[in-house]
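Colleague: Predicted model and sequence follow; I will ask about them next.
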Amino acid sequence: MTFLGWMLGVTVAVYVEKIDHWIALLLLLWVGIKMIREGFEQVDGDEEGTCEDQTRGMSLVVLSIATSIDAFGVGLSFAFVGGNIISSSLLIGLLSLVLTIIGLTGGNRIGKLIGKRAEIFGGFVLILIGLRIVVTHTLG
């Protein structure tokens, strides 16, 4: 999905190159704010943090689609800022694989320690990256 987002972005980049940094900012803001909001949302379940199994049925499908849309938006941003899509897509895929394995093997313990805070932190990082893109593009 990152690569598909980049392909779409490359086809329209010629038409929006004067505002591409603002588009990248908006996309990264969208993903970052979404992550921060999800980080502050209550987890369904009892007080001990247990919730329905997210690895089965429609929950898995919905989570997969949401993740794909986020990856598509990141790929679109890469097209506007001129990132190397091949190495970026490979790195994103590799990190996703490694983090999925870590999440599957130690997710409950890690989730209890840093779960929502990591999502909030990641959202702020994406917003800062978007702001950096605008600042370097307008000043550089």
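Modeller: Cool, got the structure. Since the structure is predicted, the reported quantities are computational estimates derived from the model, not experimental observations.
Colleague: When you work out contacts or count neighbours from here on, use the C-alpha atoms and nothing else.
Modeller: Noted.
Colleague: For residue 5, give me its contacts.
Modeller: 71, 72, 73, 74, 75, 76, 77, 79 (Cα atoms under 8 Å, 6 or more residues apart in numbering).
Colleague: Narrow the residues you listed to those in strands?
Modeller: Of these, none are assigned to strands by DSSP state E.
Colleague: Need the residues you listed in CSV (columns: distance to residue 4).
Modeller: What follows is the contacts of residue 5, written out as CSV (distance: Cα to Cα, whole Å):
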residue, distance to residue 4
71, 9
72, 7
73, 10
74, 10
75, 7
76, 8
77, 11
79, 10
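Colleague: and of those, the nearest to residue 89?
Modeller: residue 75 (8.2 Å; Cα to Cα).
Colleague: Scan the chain for its longest helix.
Modeller: For the chain, the helix with the greatest residue count under DSSP state H is helix 85-139.
Colleague: related to what we said a few turns ago, got a quick PyMOL command for the buried subset of the contacts of residue 5?
Modeller: Restricted to buried positions by 16 or more other Cα atoms under 10 Å, the PyMOL selection for these reads:
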select buried, resi 71+72+73+74+75+76+77+79
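Colleague: tell me which element residue 69 falls in.
Modeller: Taking DSSP states H and E as the definition, residue 69 sits inside helix 57-81.
Colleague: that older thread, quick check: of the contacts of residue 5, which lies closest to residue 116?
Modeller: residue 71 (19.7 Å).
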